[in-house]
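*Asks:* Requesting a structural model of the entry that follows:
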Amino acid sequence: MPAAVAAGPAIRELGKVTLSSSSGQISDISVTPAGDIYVLDANSLVITHFSATGALQNQFPISGVPESSQGHLYFHPEITVDQNRNVYIAATWRPAPRQTSTALFVFDSNGHYARTIPLIPRIEVRHLAIDKDGNFYALGVDPDFFKWKANLCLLVHKYGPDGKRLTAFSACPPNLILRQPNSAVPGPGFDTLNKETSLGKVSVIGGVVYNELAVSHRVRAFDLSGKQLLDTVLEPAAAGVTNSPDPTASSLDILRRVLPLPNNRFLSEWVHTEKSGGARQNARSIAIHDSSGRKLTTATIPDPGTAIVLADETGLCYMLRKKDVTGHAFDLVRVSIDVN
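*Replies:* Numbers count the residues shown, from 1 in each chain. Take a look at the predicted model:
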């Protein structure tokens, strides 16, 4: 018989700060070890800096980048901030026909453009993290694999502070036909891989690199050199749901976020969808898992305006909650999540 699942995790609110967005859009949030909060509005290309208590410190546009003279910059809707409060955002552009460049643009603690870090070799960056030594971990697919210049399809690419790649790890999910034989044309499994990198995540917490693969419900952990520590498939939060990624299935659990917790446990957020009368109905829930991926406890999220967004080095989590009907104010709630 399967092990019993506890009734639900104990979620304790430890405090909150109110964030405002004139457009009502929050694309990404980054919290520094000191508690400073940085919010990205990717539609307006504006970054807002709040103190740990929610006081507005600064707001600045993503501008002054010299590479903008070479062509339109496609900014990735995610930021990361280092311990010195430098803000990093990735972008791709075409400086010439048939040529594509990818780089990280750095803005200092005052919001001024500081420098450009070209990624060598370039990859299609989907998500970005940074460690305490200034090394970057980019989640994305290496174009060289599809040009038959590399035989391994790897997803996490570690770059030094100068933008030169040091290593790569986290193999693409197995059993996907990613390349057509002797051709640069992607295979039928590329769409699934594209969803994995778009919906997945890379993070660095406590000297461990975590790679979440949302479609296959998988979470992996590595040390900073890329040595694999864990590779686990998470049990879906809803009872009786399989891990099938088939979007046409009548019942699906979609993994939205995985956050590492102390003692080799994970917090996951899910959207459970059911087909009913030709339409889909969604329900959201969270679960706590042990290192094997088994769910220990689950709970529903009744408020559609609440989402779990990140965890800090101490294992505390942050939940983003819409504050009013206008959608321009949000509460960022710091919580602890305990499993009895």
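
*Asks:* which residue sits closest to the residue nearest to the spatial centre of the chain in space, ignoring its chain neighbours?
*Replies:* Here the mean C-alpha position of the chain is nearest to the C-alpha of Lys201 (CA atoms, centre = their mean), at a distance of 3.3 Å. When the adjacent residues along the chain are set aside, Lys201 lies closest to Glu212, with 4.3 Å between them (CB to CB, 6 or more residues apart in numbering). Heads up, the C-betas are built off the backbone N, CA and C, glycines and all.

*Asks:* Tell me, how many residues neighbour the one you found?
*Replies:* 26 (other CB atoms under 10 Å).

*Asks:* Each with direction, which strands does the helix or strand containing it pair with?
*Replies:* Using DSSP states H and E, Glu212 maps to strand 208-213. Taking DSSP bridges as the criterion, strand 208-213 sits next to strand 201-205 (antiparallel), strand 218-223 (antiparallel) in its sheet.

*Asks:* that older thread, could you list which residues are in contact with the residue nearest to the centre of the chain?
*Replies:* His127, Leu139, Tyr210, Asn211, Glu212, Ala214, Arg257, Val258 (CB atoms under 8 Å, 6 or more residues apart in numbering).

*Asks:* 10 Å instead, please
*Replies:* Counting by CB atoms under 10 Å, 6 or more residues apart in numbering, Lys201 touches 78, 126-127, 129, 139, 210-214, 219, 256-259, 310.

*Asks:* Likewise for Ser216?
*Replies:* Contact analysis of Ser216 by CB under 10 Å, 6+ apart lists 173-176, 192, 195-196, 200, 233-234, 243, 245, 255.

*Asks:* What's opposite the spatially closest residue to Pro236 that is not a sequence neighbour in the beta bridge?
*Replies:* Closest residue in space to Pro236, ignoring its immediate chain neighbours: Asp253 at 3.7 Å, by CB to CB, 6+ apart. Asp253 has these beta-bridge partners by DSSP bridges: His272.

*Asks:* re the thing from before, give me the buried positions along the strand holding Glu212.
*Replies:* By neighbour count on 16 or more other CB atoms under 10 Å, the buried set for strand 208-213 is Val209, Tyr210, Asn211, Glu212, Leu213.

*Asks:* For the residue nearest to Lys201, list each beta-bridge partner.
*Replies:* Lys201, Val219.

*Asks:* just the buried residues of strand 208-213 now: which is nearest Asp28?
*Replies:* Glu212 (15.2 Å; CB to CB).

*Asks:* Does that closest one touch Leu234 like I think?
*Replies:* Yes: using CB atoms under 10 Å, Glu212 is in contact with Leu234, at 9.3 Å.

*Asks:* Report the set of residues contacting both of the two.
*Replies:* Counting by CB under 10 Å, 6+ apart, the residues touching both Glu212 and Leu234 are Arg218, Val219, Leu255, Val258, Phe266, Ser268.

*Asks:* Just the buried subset of those, please.
*Replies:* Buried among the shared contacts of Glu212 and Leu234 by 16+ other CB under 10 Å: Arg218, Val219, Leu255, Val258, Phe266, Ser268.

*Asks:* Can you name the residues that contact the last one?
*Replies:* The contact partners of Ser268, by CB under 10 Å, 6+ apart, come to 212, 217, 219, 234-237, 253, 255-259, 285-289, 293, 295, 298, 308.
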